[in-house]
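Peer 1: One predicted model, sequence on top.
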Amino acid sequence: MRPLPSDGELEILRVLWARGPSTVRQVQDDLPGGHEVSYNTVGKLLQIMTVKRLVRVNAGARAHVYAPVDSQADVQRRLTRDLSERAFGGSAAQLALRALSREPCTPAELQELRRLLDRLEAER
């Protein structure tokens, strides 16, 4: 299994999920804070992420183009599983309860949660 992304790597992945395959310059331009992070830093992070197999690179073009290896949902699942194991003894329910008690949900989110709970009950 691939390692979990660091906070900085996760920011880059968010850009790649939103933009699609991108060059170092495109990633740098779309990062929160923009050019507060140097081009060289973004490039180095993308190199590290390539080694960690978080992104893949197409070096065939004039500029290297990077794309995420995993979907946003897959990475979120891995991060959630890790947090659940480390902070909640593996209890997804405790993680969900803590998250839901922190901020109010929108009506659409509540409806989605009800559908999920109904489906889970039906599966049991």
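Peer 2: Alright, I've got the coordinates.

Peer 1: which helices and strands sit right next to the helix or strand of the chain with the lowest mean pLDDT?
Peer 2: Here the helix or strand of the chain ranked lowest by mean pLDDT, DSSP states H and E is helix 92-102, holding a mean of 88. Contacts defined by 3 or more Cβ pairs under 8 Å, 6 or more residues apart in numbering; DSSP states H and E place helix 92-102 against helix 72-88. C-betas here are computed from N, CA, C, even on glycine.

Peer 1: For residue 34, report the pLDDT, please.
Peer 2: Reading off the confidence values, residue 34 has pLDDT 69.

Peer 1: Taking their axis directions, the least confident helix or strand of the chain and helix 72-88 sit at what angle?
Peer 2: 100 degrees (axes from the mean of the first three to the mean of the last three Cα atoms, to 10 degrees).

Peer 1: any idea which helix or strand comes after helix 92-102?
Peer 2: On the C-terminal side of helix 92-102, the nearest following helix or strand under DSSP states H and E is helix 107-123.

Peer 1: so where's the protein uncertain?
Peer 2: 34, 61 (pLDDT under 70).

Peer 1: Could you list the domains of this protein?
Peer 2: Partitioning the chain according to automatic domain parsing yields domains covering residues 7-68, 72-123.

Peer 1: Contacts for stretch 43-53, please.
Peer 2: Under the criterion Cβ atoms under 8 Å, 6 or more residues apart in numbering, residues 2-3, 5, 8-9, 12-13, 24, 27, 55-57, 64, 66, 69 lie in contact with stretch 43-53.

Peer 1: 10 Å instead?
Peer 2: Taking contacts as Cβ atoms under 10 Å, 6 or more residues apart in numbering, the residues outside stretch 43-53 that touch it are 1-6, 8-9, 11-13, 16, 22-25, 27-28, 37-38, 54-57, 59, 64, 66, 68-70.

Peer 1: Give the buried subset of the residues you listed as a PyMOL selection command.
Peer 2: A single PyMOL command selects the buried members of the contacts of stretch 43-53 (16 or more other Cβ atoms under 10 Å):
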select buried, resi 5+9+11+12+13+16+22+23+24+27+28+37+54+55+64+66+68+69+70
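
Peer 1: Give me the subset of the contacts of stretch 43-53 that lies in strands.
Peer 2: Among those, the residues falling in strands (DSSP state E) are 55, 56, 57, 66, 68.
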